[in-house]
Each structure stands twice: as structure tokens, then as C-alpha cells.
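Engineer: My questions concern the predicted model and sequence given below.
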Amino acid sequence: MEFILGPQPELSELPPDENRNRFYYTFHNFIKALSEMSRPLVLYMDDLQWADPASLNLIETFFIHSKIINFLCILSFRPEALEPPNPFSKILKSIETNKIQKSLITIDSLDKESIYRLIQDFVPSSEEQTGFVTSILHKKTLGNPLAIIQLLRTCKKTNIISYEFESRLWNWDLEKVANLSAADNVVDLLCDRIQELTPEIQELLGICSCLGERFSLEFISKLSFYDIPKLNQTLWEAVREGLLIPSHDRNKFIFEKNLSSERTFGFSHDRVRQAAYSLLEESKRKELHKQAGVTLLAIHGPQPKNRILFEITNHLNEASDQIEEETLRNDLIILNYKTGLQAKSFGSYESSLLYLNSALNSLNRKNHIKDYEFYCNVILETAETEYLLNNYERATSLLESLDDLNISNLQYIRANAIRVRLFSKMNKVEKAVLAGLCAMKRYNIHIPSSRFKVILALLKELLLSLILSKGKSDSELVHIKENSEPEYQALIDLFADLGPSVFTYNQNLFVLLVLKMFNTSLKKGISRSSPIAYSGYGMIVNQILKDLNQAMRYSKVAMELNKRIPFDLVKWKVQYVYSAYLCHWEKHITFGIKLLDKVHQGALQNGDILYAGFSLQAKIQKKIFASYTIGELLTHADLAERYFRSARDDFAFMIAKSSHQLIKALAGKTSALDSLNDSEFQTENFERKILQDKNYTALFYYYHDLTKLHYFSGQFSKALIYGQKGERLIQNAFGLIPFAEFWFYYGLSIFANFEEFSYFNRIIYSKKLNIIFNYFDKWGKNCPENFMGLLELLRAEKERIQRKISETITGYEKAIKLFKKQVLSHSKPYPAKSPQDFIIKSEIFPSVTTTYDSPSIFIPNGELPPRSPT
């Protein structure tokens with residue numbers, strides 16, 4: 001592609017999971033770009049029964065889940081791939097499960113008619129002879145084409161067939177044909193044929209079978225006792241026998257740097273190589289593999305890369321129990337470690353784990369470990385790979401084994417960073433938080449355990465942040481000295497990784513963590529993840545100090561800092577904070593929706609599936625607020641769940657799940673109009689799980705969604721109950737649009753129940769309503785296009801409970817005009833011809849009417865399921 005597009009910029013460094021996802025995303029777009037209606041793409045892949053897990057994951061991701069159109073993929077495999085032990089069988093099952101359009105074409109063995117035509121084409125003879133030979137070959141080969149070709153070669157070599165010039169036909173010795181030996185399978189047949197060759201060719205084929213698909217005369221000469229002329233002659237004899245073929249593909253050759261294509265060879269069929277390899281004694285195989293590995297190591301030096309590294313390591317691993325030299329054994333441990341890292345960077349986690357386990361097992365067998373830093377690195381990399389493969393139990397066990405070792409600060413942070421990600425994906429939020437805080441103690445960053453001390457520490461850090469940042473211009477904040485020490489960078493990265501878990505676990509702790517990260521960056525220097533501290537500080541300034549201007553300022557400074565220290569993984573997280581938490585307080589809601597589209601695409605381009613899901617979920621929240629269509633919201637919800645599942649993040653999935661169920665309920669796709677339940681979701685089980693996991697953010701959204709659902713269905717007392725529960729957890733949504741949305745629906749629920757309250761409760765809830773009005777007064781001034789319509793509705797409801805009917809109707813008219821003109825200007829949510837008609841039809845205001853039909857002003861645009869009168 002570089003030949004067509006020109007040199008491309010260097011890719012930014014990413015963690016393993018994001019790196020693989022970025023490759024998948026790029027490859028998906030590449031295939032999509034080539035697949036057009038006028039020019040559909042056909043991709044053929046052969047021998048998938050031998051495909052490695054990484055390749056199969058790629059196939060499953062793109063050709064099953066991506067749903068690319070104008071694209072035909074032909075997957076070719078042998079019958080053994082259908083058996084469950086073969087990894088490819090899972091792909092076939094996934095194709096069935098996902099109902100992918102497919103056609104299964106079984107290529108059967110050749111029947112007698114086909115064999116007859118084949119013989120007549122190759123060696124035309126009389127019909128009688130051809131019929132007899134056809135019958136014999138069909139019986140002895142069962143129609144296997146490769147076996148038929150090999151028997152025909154045997155017949156030619158043993159003079160069972162000869163050419164008669166007079167008749168211009170081939171003549172068969174039918175008696176010898178009848179006595180041809182039949183092998184149980186093609187490999188046995190090829191073995192018999194190879195054993196009939198000269199010892200030199202047999203030895204040569206044995207050597208070549210250990211070298212892989214392609215090999216050169218020069219390299220073989222280093223592994224045999226023959227000189228190059230003799231080898232050249234022997235190789236071409238094997239070519240004449242149809243066992244080897246000259247290769248003209250330089251790119252498939254790895255052993256020499258400057259070879260002419262005429263001196264590179266390969267096997268004519270993988271079964272030929274299999275047969276030649278099976279004829280070698282095990283000790284001979286290991287000897288050849290060792291010799292090949294040592295020779296390659298001598299050619300390419302101690303720092304081989306890419307395919308060379310894999311070849312050397314694979315050869316030496318095949319002969320590992322034959323290696324007696326201590327130096328070579330130590331070299332192999334290092335090679336396995338490096339190869340494991342290389343495989344991990346390619347996204348081939350299964351292969352990576354094999355190499356890393358080999359290195360770790362070799363080290364564990366040693367009586368004495370000389371290099372403990374290297375030993376701990378091997379454990380860390382193995383643990384991370386187990387985590388990437390969802391083997392959480394072994395990953396945890398490996399990390400625990402480091403607790404008894406004297407590891408460096410950097411290794412300690414890495415170990416706990418893995419724990420943070422691991423426990424977060426397991427939805428064990430508390431354990432994730434404790435792991436992160438434990439790592440910080442190593443740097444004398446102490447977080448108190450009691451709630452009271454956390455608040456005191458928070459206030460102290462907030463004061464310190466104001467002192468440290470006082471008088472600093474935007475430019476000065478951006479150009480604070482960079483601290484590029486690996487340990488410090490890992491610490492700031494850990495702060496950033498820990499944020500989502502702490503956010504849902506304890507809001508005060510989250511604020512304290514962000515303040516610590518911000519102050520640490522100002523005092524000790526900025527790092528690549530410091531922009532997250534700046535943007536997080538903006539969130540806190542907005543929420544605690546109520547200073548929206550400063551919040552916006554720090555968000556913009558964070559983006560400038562990211563430009564100074566580019567790190568794409570941080571770039572889109574910083575922009576996510578602005579578009580999801582801040583911009584709707586001063587700009588039209590659709591502005592944030594458009595920004596979140598960019599964040600979503602940017603996260604995908606950098607393989608950050610989790611934040612791709614987060615950005616889509618934030619967009620769903622804003623589109624619910626802005627009354628987008630139910631159909632559009634359903635599509636988004638389904639896609640967001642797929643992202644969270646792909647990211648293997650149960651924590652994020654649970655946070656988003658209840659809002660997705662609410663959308664289904666509004667679309668009439670749940671068990672009842674006033675229920676979130678369906679065949680796959682039960683509210684009791686869901687609530688029990690999030691309480692058990694201490695996922696308080698998920699719990700807030702659950703209560704918030706039930707408040708809305710019961711309000712929509714006219715069950716106002718239930719709406720109030722869940723509103724009260726949500727109020728206790730409202731800080732879990734601070735800054736997000738559901739923060740405002742919750743207070744709006746909670747206020748409506750209070751108004752709907754107000755006449756039923758006792759005198760004492762009216763006093764209590766009147767105070768709550770005053771708080772709500774204060775919120776919307778401020779928000780309405782900052783961003784009237786988003787909040788003034790909601791404020792007018794709340795005011796109208798206040799007039800209603802005071803029995804001021806004229807003022808109530810006037811208030812509704814104002815609210816509806818504002819909604820039509822501002823927030824809902826893009827949609828058509830009003831079934832009524834006039835505000836008065838809408839009021840009469842609305843089930844939200846029971847004192848105005850007793851006929852309840854459609855609370856469409858609050859519900860995303862779309863046809864609401866029919867309801868019975870309340």
C-alpha cells in the first residue's frame with residue numbers, strides 16, 4: 001500500500017489490546033473500501049484447518065461481526081477442520097449462530113467418470129484399458145486426486161505404462177496395474193514413493209522438511225555435507241520427481257538476503273513435506289532443528305527481528321531437550337521472551353502465551369535465578385497475556401507470585417495496572433480501586449480510607465490545586481516541564497487507567513484522585529497522560545466550584561497539552577470528557593452529539609473499543625434528552641452493547657444496560673410497558689449483581705431509568721420511590737446530561753405526587769424543588785437552548801399544583817414553543833395541532849385532563865406503544 005499511497009506516518013504506541021483492535025479496524029476499512037456495488041471483492045483463503053488462533057479471530061471479527069456488504073469470502077478447509085478440537089470449527093459454529101448467509105460446497109473425491117476423463121486427458125489409451133485402469137485407481141485411491149497423480153507417476157517410473165508411436169496411444173501393463181500397492185492414506189503413499197528414491201534425495205527432503213515452506217540451496221548447504229554443485233543436482237532431481245518446485249517469490253524466503261529466485265525451492269504439496277518429515281527419526285528431526293536454529297542465529301546475530309526471530313525460536317524449541325550448552329539454553333529463554341512480546345504486539349495472544357510460558361518454565365526449572373528483573377518481567381508479560389486471553393484466574397495467580405519478590409517500582413506499578421484492568425473487566429470495582437491505590441503508596445501517594453478523611457484530603461488537594469495553578473496562563477500550563485522517567489510515566493498512566501473504576505466506586509475518591517494527578521503533574525512534571533488530569537480537573541471545577549468558564553478553559557488546555565505530547569490514546573479520552581461532560585452546559589445538545597461522533601471514530605481508529613462504547617453511550621444519553629427516534633436509539637444501544645462485549649468489560653456493560661432496556665421498553669420490546677424485563681434481562685438479578693459488585697454508577701442509572709419509565713407509564717408513586725433512591729447516588733452522573741435529566745424527572749415526579757403528600761412531606765419536597773429550580777435557573781441562563789424549555793415545564797407544573805390553570809396553560813405553551821424552536825427543532829414529537837390539544841392529550845398532567853394518551857414531549861421521537869387510560 002505504501003507504493004500506492006506513499007510513506008505513511010509512524011503509528012503511535014498502543015497497549016496490546018488497542019493495538020490489535022486498531023489493526024482490525026484498519027483492515028476492516030481497507031476491505032470495505034475495496035468492496036463496492038460496481039466492484040465486489042472476492043477473497044479466497046485456503047488450508048484454514050491449520051490457521052492459527054489470531055488469524056481465526058481476524059476472520060471471525062471481520063467476516064462475521066462486521067457485516068461488510070459487496071464482499072464474498074471463500075473459506076477452504078479439509079474435513080478434519082469440522083471436528084470440535086480444531087479451532088476452525090468454532091468459526092463455523094459462529095457462522096451458524098450469527099445466521100451469516102453462506103453456501104457450503106463440499107468437494108468430494110473423484111468418481112469413476114472423472115477419473116476416466118482425467119486418464120484420457122493425461123495418457124489417452126484404448127477405452128477398454130482406460131476403463132480397467134480407472135476401476136483399479138478408484139479402488140486403490142478412493143478418488144483422492146493427489147493419490148491418483150502419485151500412482152500415475154509411479155506407473156510411468158516403473159514402466160507400467162508406455163507410449164506406442166504407431167497407434168499414438170499409451171499402453172498399460174494391466175497385470176501390473178492390478179498389483180499396484182494401495183496405501184491407507186496419501187501420506188503413506190508418498191512415504192512409499194520417497195523411500196524408492198536415492199538416499200541423497202531422501203536425506204535432502206528430510207532436511208528441507210524441517211525448514212518450512214521455502215528454503216534455499218545456500219542455506220541447505222550449511223546443514224548438509226554436500227557441496228553446492230552436488231546439492232544443486234540433487235535438488236533438481238527432486239524437482240523432476242514432482243516433489244519440489246522452484247520458487248520465484250522472494251518475499252516468502254527468510255534465510256538469505258540476496259538470492260536469485262532460481263536458487264529458492266519449496267515443496268510441491270504440503271502432504272509431500274508431511275511425508276518427508278514423518279520418515280525422519282525423532283532424534284534426527286531435533287538435530288536438524290537445532291542445527292537450523294543455531295545457523296540462523298549465527299547468520300542474523302543476537303538481535304533477530306520479525307519472521308527471523310520466530311524461525312530461530314521455533315527451531316530451537318523443537319530441539320529444546322537436546323540443547324546441553326548452558327549459553328544456548330539461556331539464549332533460548334531470551335528468544336522465547338522476545339518472540340512472545342513480538343507475537344503479543346501482533347495480537348497473536350495464544351502464540352505469545354506459548355513462548356512466554358516456555359521462557360517462564362525454563363526459568364522456574366533453574367536452581368538459581370541470576371537476573372531477577374528479567375524473571376519478573378517474564379512473569380509480568382505472561383500475566384498480561386493471560387489477562388488478554390480472559391484467563392483471569394491464572395493471571396491473578398502469576399501477579400500474586402510477584403508479591404514475594406523484590407520487584408522494582410516500575411514492575412510494581414505495571415503489576416497493579418494489570419490488576420486494575422483485570423478487576424475492572426470482571427466488574428470487581430472495589431478490587432480494581434484497591435489495586436490502584438496500593439501502587440500509589442509505593443510513591444508516597446497515600447489515599448485515606450475513611451470517608452471523613454477522604455473529604456478532608458479532597459479539600460486540601462483542591463486548595464493546593466488553586467495555589468499551584470494561580471496566575472498561570474494557558475501557555476504556562478501547557479509548557480510545564482515534561483517528566484519522561486519511565487516510572488513516573490507509568491504512575492500517571494495508572495492514575496488515568498484507574499479513573500473509570502474510581503468514578504463508579506466513590507465520587508469523592510474520584511475527585512481526590514484527579515486532584516492528586518493534577519497537582520502531581522504541576523509539581524513533578526507533565527507526562528503523556530497528564531491531559532486527562534487537566535480535563536478531569538475541569539470537570540471538578542465545574543461541579544464543585546460551579547465555574548463553567550474555568551472548566552472549559554482546562555478542557556481546552558488539556559487538548560493543547562496533548563498536541564505538545566502526542567498520545568492518541570489520550571487524545572480521544574480528553575475530547576470525550578469535553579463532549580460528554582462539559583459542552584452541553586454552554587452549547588446546543590446537538591453540538592456535543594456531533595463531537596461524540598468524532599470521538600467515537602477516533603477511539604475506533606486507535607483500537608480503544610471501550611471508549612468507542614463510552615462515546616456511543618454518551619451520545620445515546622444526549623439523543624434521549626433531545627428526543628431522537630426510538631429506532632435510531634435501538635440501533636445505537638445494540639451497537640454499544642457489542643462494543644462493551646468486544647472490550648470484555650462487564651463493568652461498562654452493566655452501566656449502560658438499564659438505559660438500553662428503557663429504550664426497548666419505550667419501543668414495546670419488553671415484557672410490559674412499565675417493565676425493563678425481557679427474556680434476557682430481569683431487574684431483580686440485575687440489581688442484585690450491581691449491588692454485589694458495588695457498581696454504584698450502574699445502580700444510579702438503573703434507578704434513574706426506572707424513575708423515567710414509571711413516570712411515562714403514569715405510575716407516579718413508583719417514579720417518586722426510584723427518584724428518591726437515585727437522589728442518593730446522583731453524584732455518579734455529575735457533569736453528564738443525565739445529571740440534569742434526573743433532576744427534571746425527579747421534579748416532575750414530586751409534582752405528580754404533591755397533592756398526596758402530608759403537610760410535613762410537602763415542606764421537605766418543597767425544599768428539594770427549590771434546589772431543582774436553582775439548578776435549572778443557572779443552566780437555563782448558561783444554555784437556554786438546552787434547559788429553558790425544561791425549566792418552563794417545571795414552572796408550569798408548579799402553577800398546576802397551586803391550581804393556577806391559566807398560568808399553567810401559559811407555561812405549557814411557553815415550554816412547547818421552546819422545545820419546538822430549540823432542543824427538539826430537528827424532530828416532530830408533537831402529535832397535537834396546538835399546545836392546547838397537546839395539553840388535553842397529555843397523560844403527564846392529570847389535573848388538567850383525565851384522558852391520558854401520549855407523553856411524547858418527553859419521550860424519544862417515534863410511535864409510542866398504545867396505552868390504556870390510567
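Structural biologist: Here it is on my side, so go on.

Engineer: Residue 162 falls within a strand, correct?
Structural biologist: Yes. Assessed by DSSP: H, G, I helix; E, B strand; the rest coil, residue 162 belongs to a strand.

Engineer: need the contact list for it.
Structural biologist: 170-171 (C-beta atoms under 8 Å, 6 or more residues apart in numbering). For every residue, glycine as well, the C-beta is placed using N, CA and C.

Engineer: where does it land on pLDDT?
Structural biologist: Note on residue 162: pLDDT of 91.

Engineer: Equivalent analysis for residue 249, please.
Structural biologist: Taking residue 249 on its own, its pLDDT is 50.

Engineer: And residue 710, by the same measure?
Structural biologist: At residue 710, pLDDT is 95.

Engineer: helix/strand/coil for it?
Structural biologist: Once three-state DSSP is applied, residue 710 turns out helix.

Engineer: was I right about it contacting residue 722?
Structural biologist: Yes. Using C-beta atoms under 8 Å, residue 710 is in contact with residue 722, at 6.6 Å.

Engineer: list the buried ones in the lengthiest helix in the chain?
Structural biologist: As assigned by DSSP state H, the longest helix anywhere in the chain is helix 759-782. Neighbour-count burial for helix 759-782, counted by 16 or more other C-beta atoms under 10 Å, picks out 762, 765, 768-769, 772-773, 775-776, 779-780.

Engineer: Could you do stretch 710-719 as well?
Structural biologist: 710-716, 718-719.

Engineer: again, but for stretch 469-479
Structural biologist: 469, 477-478.

Engineer: try stretch 230-247
Structural biologist: In stretch 230-247, counting by 16+ other C-beta under 10 Å, buried: 231-232, 234-235, 237-238, 241, 243-244, 247.

Engineer: do the same with stretch 733-748
Structural biologist: 733-748.

Engineer: how close does the residue located most distally from the centre of the chain sit to residue 128?
Structural biologist: Distance from the C-alpha centroid of the chain, by C-alpha atoms, centre = their mean, peaks at residue 166 (70.2 Å). The gap separating residue 166 from residue 128 is 18 Å, by C-beta to C-beta, to the nearest Å.

Engineer: by contact count, what packs against the helix or strand harbouring residue 813?
Structural biologist: For residue 813, the host element (DSSP states H and E) is helix 805-821. Using 3 or more C-beta pairs under 8 Å, 6 or more residues apart in numbering; DSSP states H and E, the elements in contact with helix 805-821 are helix 784-801, helix 835-841.

Engineer: gap between the first one and the chain center?
Structural biologist: To tie it back to what came earlier, the one meant is helix 784-801. Relative to its chain's centre, helix 784-801 lies at 43 Å (C-alpha atoms, centre = their mean, to the nearest Å).

Engineer: Tell me what angle it forms with helix 805-821.
Structural biologist: Between helix 784-801 and helix 805-821, the angle comes out at 160 degrees (axes from the mean of the first three to the mean of the last three C-alpha atoms, to 10 degrees).

Engineer: The one helix or strand residue 555 maps to - contacts with which helices or strands?
Structural biologist: Assigned by DSSP H and E, residue 555 belongs to helix 548-564. When contacts are defined as 3+ C-beta pairs under 8 Å, 6+ apart, helix 548-564 packs onto helix 474-478, helix 530-544, helix 568-577.

Engineer: What residues of it count as buried?
Structural biologist: Buried, per 16+ other C-beta under 10 Å, within helix 548-564: 548, 551-559, 561-562.

Engineer: Equivalent analysis for stretch 47-54, please.
Structural biologist: Of the residues in stretch 47-54, those buried (16+ other C-beta under 10 Å) are 48-49, 51, 53-54.

Engineer: Let me have these in CSV, adding secondary structure as columns.
Structural biologist: As requested, the buried residues of stretch 47-54 are arranged in CSV below (three-state DSSP):
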residue, secondary structure
48, helix
49, helix
51, coil
53, helix
54, helix
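
Engineer: Which two of the residues you listed have the greatest separation?
Structural biologist: 49 and 54 (15.7 Å; C-beta to C-beta).

Engineer: what residue ranges in this protein score low on pLDDT?
Structural biologist: Scanning the chain for pLDDT under 70 picks out the ranges 65-66, 182-184, 225, 248-262, 821-870.

Engineer: on that earlier part again, quick check: the two most widely separated of the buried residues of stretch 733-748?
Structural biologist: Most distant of the buried residues of stretch 733-748, by C-beta to C-beta, are 735 and 748, 22.0 Å apart.

Engineer: what about residue 73, helix or strand, and which?
Structural biologist: Going by DSSP H and E, residue 73 is part of strand 71-75.

Engineer: so how far is the strand or helix carrying residue 188 from its chain's centroid?
Structural biologist: In this assignment (DSSP H and E), residue 188 forms part of helix 186-195. Remark: helix 186-195 is offset 46 Å from the chain centroid, using C-alpha atoms, centre = their mean.

Engineer: And for stretch 417-431?
Structural biologist: So, by C-alpha atoms, centre = their mean, the centroid of stretch 417-431 is 17 Å from its chain's centroid.

Engineer: and what of stretch 539-552?
Structural biologist: 34 Å.

Engineer: For that stretch, which outside residues touch it?
Structural biologist: Here stretch 539-552 has contacts from 462, 511, 514-515, 538, 554, 577, 581-582, 585-586, 734-735, 778, 782, using C-beta under 8 Å, 6+ apart.

Engineer: show me what contacts the closest residue to residue 422 other than its chain neighbours?
Structural biologist: Spatial nearest neighbour of residue 422, excluding adjacent residues (C-beta to C-beta, 6 or more residues apart in numbering): residue 387 at 5.0 Å. Residues in contact with residue 387 (C-beta under 8 Å, 6+ apart) are 395, 418, 421-422.

Engineer: Next: residue 483.
Structural biologist: Residue 483 touches 489, 524-527, counting by C-beta under 8 Å, 6+ apart.

Engineer: Which other helices and strands does the helix or strand hosting residue 338 contact?
Structural biologist: Per DSSP H and E: residue 338 is located in helix 326-345. Secondary-structure packing of helix 326-345 (3+ C-beta pairs under 8 Å, 6+ apart): helix 16-34, helix 306-318, helix 349-364, helix 372-388.

Engineer: Residue 394: neighbour count?
Structural biologist: Neighbourhood size, residue 394 [other C-beta atoms under 10 Å]: 15.

Engineer: Over to the one 10 residues further on?
Structural biologist: Using other C-beta under 10 Å, residue 404 is surrounded by 7 other residues.

Engineer: quick check: domain ranges of the chain?
Structural biologist: 15-97, 112-182, 286-407, 709-841 (automatic domain parsing).

Engineer: one step back: how about the secondary structure of the residue farthest from the centre of the chain?
Structural biologist: Residue 166 ends up coil, using three-state DSSP.

Engineer: Then the one 5 residues further on?
Structural biologist: Put simply, residue 171 is strand when judged by three-state DSSP.

Engineer: wait, what's in contact with it?
Structural biologist: Contacts of residue 171 by C-beta under 8 Å, 6+ apart are 125, 129, 161-164.

Engineer: Now with 10 Å, please.
Structural biologist: Going by C-beta atoms under 10 Å, 6 or more residues apart in numbering, residue 171 touches 123, 125-126, 129, 160-164.

Engineer: Most neighbours among these, which one?
Structural biologist: residue 161 (22 neighbours).

Engineer: Give me the nearest residue to it, chain neighbours excluded.
Structural biologist: Residue 161 sits nearest to residue 155 (C-beta to C-beta, 6+ apart), 4.8 Å away.
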